[in-house]
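A.B. asks: fold the stuff below for me.
(chains A, B, C and D)
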Protein chains: 2
Amino acid sequence: MTRSEENYIKTIFHLGGNTSTPISTNAIAEQMETKPSSVTDMSKKLAEKGLVYHKKYQGVSLTDLGVKMALSIIRKHRLWEVFLVEKLDFTWDEVHEVAEQLEHIKSEKLIDQIDALLGYPKYDPHGDPIPSKDGEFMERDKQLLSDMPMLSKGVCVGVKDTSPTFLKFLDKNQIALGNTIQVLDIEDFDQSLSILVNDKKLNISHQIAANLYVKKQN
Amino acid sequence: MTRSEENYIKTIFHLGGNTSTPISTNAIAEQMETKPSSVTDMSKKLAEKGLVYHKKYQGVSLTDLGVKMALSIIRKHRLWEVFLVEKLDFTWDEVHEVAEQLEHIKSEKLIDQIDALLGYPKYDPHGDPIPSKDGEFMERDKQLLSDMPMLSKGVCVGVKDTSPTFLKFLDKNQIALGNTIQVLDIEDFDQSLSILVNDKKLNISHQIAANLYVKKQN
DNA sequence: ATTAATTTTTAGACAAAACTAAAAATTTGT
DNA sequence: ACAAATTTTTAGTTTTGTCTAAAAATTAAT
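C.D. replies: Down below sits the predicted model:
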């Protein structure tokens, strides 16, 4: 697989193309910041290679092989992210860009050894699960902070938005994975929340809460 | 710089294009397993970018900028090789292929952190010096084993040929960097040598000796 | 249920990096 | 020195992945 093919497969997976619902050409184009015509071209190529199903005008979805490929790339991406944070002191807002390059390195031994060096981690720095070699992965029991009821408590286990902007905001406000968060109040007017993290009271917008995953405590 | 441009610059450097003597189009083509016409095309492009001097029919040589670029790529290549051996249990015959890919990853922080993680190594697994960030590197005081006089002793410090075939041969015969080697005898007929390594007597051909670097002991 | 709007595909072009075949320049040999 | 051999460059194609503009299919709207 070429680098470009890998990026398409990965994007289709992220847009939900592993299920039976096909992903639209436009959606892929937008996500990849390219033109729909380019997506059509690549869809044909990927279909010929048996990686996607492609019915004209009906979008694409991944074949079993396509899903397998996607998971392999995502595995590499997330393992590299862990490596960068754990071993090279990268911050969680710096890892994505470099992992986008590293995920395309071709060497089975390389990624297996990285996995071993890191102690076979199950989640990446953003809380996303790392598929195993044979494509298994455990989605964590989690919900958006914005869906938590008043006064409930949860542990921060992941982020939905992984952009540097959002991640730096969290750093600045000392919100990190593993922190316990309690919802103190939800404002009727704009759904902004008052929360307790690290024994500090903090007000955050609904948009922030809608991008933070927590695991609810009984 | 594209991956391809980087590979040309690196090859020109390895063929000696850092000196004033220009490298011939054919030599580059042969080394890169490509056609001379492709080399001409790329030479023009690199000349336009100010990385090489290129006078028609006279071959190419690197500009100061070209040398700087070459050293930067070689630095990455060799640091990754050390990483693979030291941290991921790769053998010295496995590293080249993967390092060829890793050397093209764009991230200054990445390579600086790898350098730090490894403790700022000065030599790669084949004994080749690793350029510093600002392009300095110390070529070790060394000579070919085939140039050593009878009965002289030296420490194995590097290999000239880094092909898996040669490196595996050395492994099989338990010759490793750091070993002390004594020349017991040189055969008049074919210049094959009888040497002493690890208290074991061994007969090697001239070709083997001509690819092993040693540091002579007074 | 047609028309209008949107989405998707096709057709044709382009840039990068490679190739082949032919032309041009250089080097070699006598 | 001049022809022959070699090397290098040019000219024209190819492949991959992209693009624009136009055509075709699908979806939405009145």
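A.B. asks: check whether the strand or helix carrying residue A:82 contacts DNA strand D.
C.D. replies: Using DSSP states H and E, the element containing residue A:82 is helix A:64-88. No - with C-beta under 7 Å from any atom of the strand as the measure, helix A:64-88 is seen stopping short of DNA strand D, the closest distance being 14.0 Å. Backbone N, C-alpha and C define where each C-beta goes, glycine included.
A.B. asks: is that helix positioned near chain B?
C.D. replies: Yes - interface with chain B: helix A:64-88 contributes A:84, A:87, A:88 (C-beta under 8 Å from any C-beta of the partner chain).
A.B. asks: rebuild those as a markdown table, extending it with neighbour count and pLDDT.
C.D. replies: Putting these into a markdown table (neighbours: other C-beta atoms under 10 Å in any protein chain shown; pLDDT from 0 to 100) gives the following:
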| residue | neighbour count | pLDDT |
| --- | --- | --- |
| A:84 | 25 | 98 |
| A:87 | 16 | 98 |
| A:88 | 19 | 98 |
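A.B. asks: so can I have JSON lines of those showing distance to residue A:108?
C.D. replies: What follows is those, written out as JSON lines (distance: C-beta to C-beta, whole Å):
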{"residue": "A:84", "distance to residue A:108": "20"}
{"residue": "A:87", "distance to residue A:108": "20"}
{"residue": "A:88", "distance to residue A:108": "22"}
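A.B. asks: please name the residues that touch the residue nearest the centre of chain A.
C.D. replies: Centroid-nearest residue in chain A: residue A:128, 5.6 Å away (criterion: C-alpha atoms, centre = their mean). If you count contacts by C-beta atoms under 8 Å, 6 or more residues apart in numbering or on different chains, residue A:128 has them with A:78, A:158.
A.B. asks: distance check, residue A:56 against residue A:40.
C.D. replies: According to C-beta to C-beta, to the nearest Å, residue A:56 stands 9 Å off from residue A:40.
A.B. asks: same thing with residue A:175?
C.D. replies: Going from residue A:175 to residue A:40 by C-beta to C-beta gives 42 Å.
A.B. asks: all strands for chain A, in order.
C.D. replies: Using DSSP state E, the strands of chain A run over A:52-54, A:60-62, A:143-144, A:153-159, A:180-186, A:193-197, A:200-204, A:212-216.
A.B. asks: give the buried residues for stretch A:55-68.
C.D. replies: Across stretch A:55-68, burial judged by 16 or more other C-beta atoms under 10 Å in any protein chain shown covers A:59, A:60, A:61, A:62, A:63, A:66, A:67.
A.B. asks: closest one to DNA strand D out of the residues you listed, please.
C.D. replies: Nearest to DNA strand D, judged by C-beta to the nearest atom of the strand, of the buried residues of stretch A:55-68 is residue A:59 at 9.2 Å.
A.B. asks: report how many residues lie close to the closest residue to that closest one other than its chain neighbours.
C.D. replies: Closest residue in space to residue A:59, ignoring its immediate chain neighbours: residue A:22 at 3.6 Å, by C-beta to C-beta, 6 or more residues apart in numbering or on different chains. Other residues lying near residue A:22 total 20 when counted by other C-beta atoms under 10 Å in any protein chain shown.
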